[in-house]
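In: The sequence isn't on hand, but the structure is:
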């Protein structure tokens, strides 16, 4: 077992509520990672009373059940998913496509354009329907505040991203097993990945609104002028942001949770 | 004295007793000399749902079935993804003509969208699984779709078109023909705005000729193979019995197809209708006596291929989405790794 403090041992200031942050892999940049066999709360370093819900990976039902159990009168921040767009579309699909976006005006005219609702549906199939279920359960548990935190913007530089995944032995082994030549692997155009991410953020915002919660979009200072994740916030893999990004976002989350 | 007459010189296929009552061979129903399809062809298809049924056979045989607009199969209840572009079933020749006219900018239907609570629907593709979320997106999607349609016709060397129906519902605004009666799949029926049409042989032939002429403004070398769908009407909006209405409809289509194939260069008629409805018709339908079964489709394909130059290599490369698998694997890996505090 790690050095995580069990919930009973935490000495909480008398602020009248518990503040808890939970989520998938993108929460790690904000609170650091602890692996626990069972869902466990600990005070996040550098905060006075924000508790991170650690637990097993992948996040199983028991993890989210634990969050619901602690939700009564709590202020909760969730960093849900954030890789739905990468999991489905990081590499170009069987056919090239673009789609219209309210946030990014660039659109390729020489390829197929698909409906936003098609992608929205894929995102829900890729895990967002579970978020919707979780939010309903959390709402029923009567928390003081529910905050859904935006997830890191995509990284723009496809060449640099290529060097990252080509240095990933497990991924290359997987490609080889599928008889796929890495040279044939094409990364989706940056502006399309950016649109996909914006759509994902819109969905997260809609879900927050649906249950009377708050959506906390990523801070503008983490994005470049086009909306991509700024270089100084890249982690060393294809999809994640680094602890510097996490520190900024954590302060932002704490501020939101502590608002009267 | 020996009497001579023109029938003496005719082949057995000219005689019912020698080619139908006995020695029936469906492939002999087509009498053309040149191969209908060759390995170099880039094939597109359109028409009633029967037109989509033979596409898998073409692809398995190694023919190049051209696709310029693809769709995910799940949720595609109406088969938009089964055609070269996602125009879906085109039941009438008027619908084909108007599609081509829209793709070439010659026609802009007034009733071009149905705005409903859950999105904006395309009256000409009402069953698309995912509609536009707002009118701005709708405009972009329609423009892109018509570009893909034009691209399909531009790249193709041959169009397989199956005539399906003569009955249609139209917009009173400008005669725009819908693939389905408004209100059945999407939209709402309006007796003032929507009217029923049952095209006659002259109208169908005229629309077909205009369709081919319009298609050839995009691609002057496009060859056309016409077929008539053997699938009966699911329902008729006339006051006739559905069987009588079906007979009329198929007769009109058959006459029109003959008229066009015999007068327009580069157009052939392939007798899929006759093959399914011929002497072995009792083996060609499902229990509902409407849908053509696998044996019926196979009979058509076998006869068609007898008049094609088949590709040497069958089975084109499988184009399943391995990219999707890779994307999933990459993110799964990275999520696991970040959890391992790498």
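Out: Thanks, I have it. Values in this document were obtained by computation on a predicted structure and should not be read as measured data.
In: use CA for all of it now, contacts and neighbours both
Out: Fine.
In: For the residue in the stretch 151-300 of chain B that chain A sits nearest to, which residues are in contact?
Out: Taking CA to the nearest CA, chain A has its nearest neighbour within the stretch 151-300 of chain B at residue B:151, 9.8 Å off. Residue B:151 makes contacts with residue B:68, as judged by CA atoms under 8 Å, 6 or more residues apart in numbering or on different chains.
In: Let's see that with 6 Å instead.
Out: Residue B:151 is in contact with no residue at all, counting by CA atoms under 6 Å, 6 or more residues apart in numbering or on different chains.
In: Residue B:68 versus that one, what's the distance?
Out: 7 Å (CA to CA, to the nearest Å).
In: again, but for residue A:137
Out: Applying CA to CA, the value for residue A:137 to residue B:68 is 44 Å.
In: So for these two, which residue has more residues nearby?
Out: residue B:68 (22 against 17; other CA atoms under 10 Å in any protein chain shown).
In: mind pulling up the phi and psi values for that one?
Out: With angles defined as degrees, to the nearest 10, residue B:68 shows backbone torsions of phi -110, psi -10.
In: give the contact list for it.
Out: The neighbourhood of residue B:68, defined by CA under 6 Å, 6+ apart, consists of B:84-85, B:148, B:152.
In: Can you tell me which of those comes closest to chain A?
Out: Nearest to chain A, judged by CA to the nearest CA, of the contacts of residue B:68 is residue B:148 at 7.1 Å.
In: Validate this expectation: the closest one resides in a strand.
Out: No - read with DSSP: H, G, I helix; E, B strand; the rest coil, residue B:148 is helix and lies in no strand.
In: Show me what from chain A comes close to chain B.
Out: Within chain A, the residues that sit near chain B (CA under 6 Å from any CA of the partner chain) are A:25, A:87-88, A:90-91, A:93-94, A:115, A:117-118.
In: buried subset of those residues?
Out: When the residues of chain A next to chain B are checked for burial by 16 or more other CA atoms under 10 Å in any protein chain shown, the buried set is A:25, A:87-88, A:90-91, A:93, A:115, A:117-118.
In: What is the neighbour count of the closest residue in space to residue A:242 that isn't next to it in sequence?
Out: Excluding the flanking residues, the one nearest residue A:242 by CA to CA, 6 or more residues apart in numbering or on different chains is residue A:235, at 4.4 Å. Applying other CA under 10 Å, we find 17 residues neighbouring residue A:235.
In: For the stretch 201-342 of chain B, which residues score under the pLDDT cut-off?
Out: B:314-342 (pLDDT under 70).
In: where's the residue of chain A positioned farthest from its centre, which helix or strand?
Out: What lies farthest from the middle of chain A is residue A:110; by CA atoms, centre = their mean that is 31.9 Å. Secondary-structure assignment from DSSP states H and E places residue A:110 in no helical or strand segment.
In: Pull up the gap between it and residue A:38, please.
Out: Relative to residue A:38, residue A:110 is positioned 51 Å away (CA to CA).
In: go on, residue A:256?
Out: From residue A:256 across to residue A:38, the span is 28 Å (CA to CA).
In: Same check on residue B:71?
Out: To residue A:38, residue B:71 is 42 Å away according to CA to CA.
In: neighbour-wise, which of the two wins?
Out: Higher neighbour count among residue B:71 and residue A:38: residue B:71, with 20 against 16, using other CA under 10 Å.
In: And the average pLDDT for stretch A:43-52 is what?
Out: Mean pLDDT, computed over stretch A:43-52, is 91.
In: Show me what it is in contact with.
Out: In contact with stretch A:43-52 (CA under 6 Å, 6+ apart) are residues A:19-22, A:31, A:41-42.
In: Skipping adjacent residues, who's closest to residue B:79 in space?
Out: With CA to CA, 6+ apart as the criterion, residue B:79 has its nearest non-adjacent residue at 6.2 Å, and that residue is residue B:88.
In: How are the helices of the chain distributed by residue range?
Out: No chain was given, so I picked chain A. With DSSP state H applied, chain A shows helices at A:28-31, A:61-69, A:84-89, A:116-123, A:129-140, A:158-166, A:169-177, A:190-210, A:243-258, listed in chain order.
In: To clarify, I was referring to chain B.
Out: Secondary structure of chain B by DSSP H: the helices cover B:16-19, B:49-53, B:55-60, B:93-103, B:135-155, B:201-218, B:242-263, B:272-277, B:294-305, B:322-339.
In: tell me the most buried of those?
Out: Comparing the helices of chain B by mean neighbour count (mean count of other CA atoms under 10 Å in any protein chain shown), helix B:93-103 ranks first with a mean of 24.
In: So which elements touch it?
Out: helix B:201-218 (3 or more CA pairs under 6 Å, 6 or more residues apart in numbering or on different chains; DSSP states H and E).
In: again, only this time at 8 Å
Out: helix B:135-155, strand B:177-178, helix B:201-218 (3 or more CA pairs under 8 Å, 6 or more residues apart in numbering or on different chains; DSSP states H and E).
In: With adjacent residues omitted, what lies nearest to residue B:19?
Out: Per CA to CA, 6+ apart, closest to residue B:19 is residue B:13, 5.1 Å.
In: so what's the one you found up against?
Out: By CA under 8 Å, 6+ apart, residue B:13 lies in contact with B:19, B:28-29.
In: Return the closest of those residues with respect to residue A:218.
Out: residue B:29 (68.1 Å; CA to CA).
In: my guess is the closest one contacts residue B:272, does it?
Out: No - here residue B:29 does not reach residue B:272: they are 9.1 Å apart, not a contact under CA atoms under 8 Å.
In: In chain A, where is pLDDT below threshold?
Out: Across chain A, residues meeting the criterion (pLDDT under 70) sit at A:1-14, A:94.
In: in it, which residue is closest to the centre?
Out: residue A:82 (3.0 Å).
In: wait, doesn't that residue sit right on residue A:23?
Out: No - Residue A:82 is not in contact with residue A:23 according to CA under 8 Å; the separation is 9.8 Å.
In: count of residues packed around residue A:176?
Out: If you count neighbours by other CA under 10 Å, residue A:176 ends up with 12.
In: Same check on residue B:77?
Out: Neighbours of residue B:77 (other CA under 10 Å): 11.
In: quick one, what contacts it?
Out: Each residue near residue B:77 by CA under 8 Å, 6+ apart is listed here: B:127, B:129.
In: What about it? Give its phi and psi, please.
Out: Torsion angles at residue B:77 (phi, psi; degrees, to the nearest 10) stand at phi -70, psi -20.
In: Got the confidence number for it?
Out: According to the model, residue B:77 scores 83 on pLDDT.
In: Equivalent analysis for residue B:121, please.
Out: 97.
In: which non-adjacent residue is nearest it?
Out: Residue B:121 sits nearest to residue B:114 (CA to CA, 6+ apart), 4.9 Å away.
In: Would you confirm that the one you found contacts residue B:125?
Out: No - contact criterion CA under 8 Å: residue B:114 and residue B:125 do not qualify, at 10.8 Å.
In: What residues does residue A:188 make contact with?
Out: By CA under 8 Å, 6+ apart, the contact list for residue A:188 reads A:89-92.
In: nearest spatial neighbour of it, skipping sequence neighbours?
Out: Nearest residue to residue A:188 in three dimensions, chain neighbours excluded: residue A:92, at 4.7 Å (CA to CA, 6+ apart).
In: Please give the number of neighbouring residues around that neighbour.
Out: 20.
In: Report the beta-bridge partners for residue B:198.
Out: With DSSP bridges as the criterion, residue B:198 is bridged to residue B:167.
In: Just the pLDDT for it.
Out: Looking at residue B:198, its pLDDT stands at 98.
In: right, and it touches residue B:168 too?
Out: Yes - taking CA under 8 Å as the definition, residue B:198 is a contact partner of residue B:168 at 6.3 Å.
In: can you give me the strands in the stretch 1-150 of chain A?
Out: Listed in chain order, the strands of the stretch 1-150 of chain A (DSSP state E, counting those that start in this stretch) span A:19-23, A:40-43, A:50-54, A:75-79, A:97-98, A:112-113, A:145-149.
In: So what are the sheet partners of the fifth one and their directions?
Out: Put plainly, it is strand A:97-98. Strand pairing for strand A:97-98, determined by DSSP bridges: strand A:112-113 (parallel).
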